[in-house]
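Visitor: Mind folding the following:
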Amino acid sequence: MYGYFALRAARFRVPRLIQQSITLLQVIQMIIGCIVNVAAYKYKLDGHYCMTSDSNITVSLVLYTAYLILFAHFFYSTYFQKGMKKTTKERID
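Guide: Model (predicted):
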C-alpha cells in the first residue's frame, strides 16, 4: 500500500485493477479487525482470560468500524458511483 502511494505521489499511473485491489484489501482488513474484536469480547464473556481490556476492545471496534465505513464508502464512490456520474453527465451533454 505504501509503495502504491509513493508511486502515485511520483505521478506514476497505476492500473485501475491494482487500485481497486488495494482498496478492497483495506476493506477486508477492517472487516477482519471487527471480527477479531468481537471474537475477543465473546471470548472474555465466556469466562476465558484475555489480556485486553473491555475498553480497548470497545475503542478498537469503534475505530475498525469507522474505517470500514470510510473505506467502503471510498470504494463505492470511486469505482462504482463515478462510472454512473460519467454516464449521467454524458447524457446531459
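
Visitor: got the contact list for S60?
Guide: G33, N37 (Cβ atoms under 8 Å, 6 or more residues apart in numbering). Just so you know, the C-beta spots here come from the backbone N, C-alpha and C atoms, and that holds for glycine as well.

Visitor: mind checking pLDDT for it?
Guide: Confidence at S60, expressed as pLDDT, is 97.

Visitor: One more: M1?
Guide: 67.

Visitor: got the residue ranges for the strands in this protein?
Guide: Remark: no strands are assigned in the chain by DSSP state E.

Visitor: quick one, longest helix in it?
Guide: Ranked by number of residues, the top helix in the chain under DSSP state H is helix 16-45.

Visitor: by contact count, what packs against it?
Guide: helix 2-9, helix 54-76 (3 or more Cβ pairs under 8 Å, 6 or more residues apart in numbering; DSSP states H and E).

Visitor: and it, which residues are buried?
Guide: Neighbour-count burial for helix 16-45, counted by 16 or more other Cβ atoms under 10 Å, picks out T23, Q26, V27, M30, G33, C34, N37, A40, Y41.

Visitor: Would you single out the least confident of the helices and strands packed on helix 16-45?
Guide: helix 2-9 (a mean of 80).

Visitor: who does that helix touch, helix- and strand-wise?
Guide: helix 16-45.

Visitor: Looking at F80 now. What's its pLDDT?
Guide: 86.

Visitor: Actually, N37.
Guide: 97.

Visitor: Ignoring the adjacent residues along the chain, who's closest to it?
Guide: Nearest residue to N37 in three dimensions, chain neighbours excluded: L61, at 4.2 Å (Cβ to Cβ, 6 or more residues apart in numbering).
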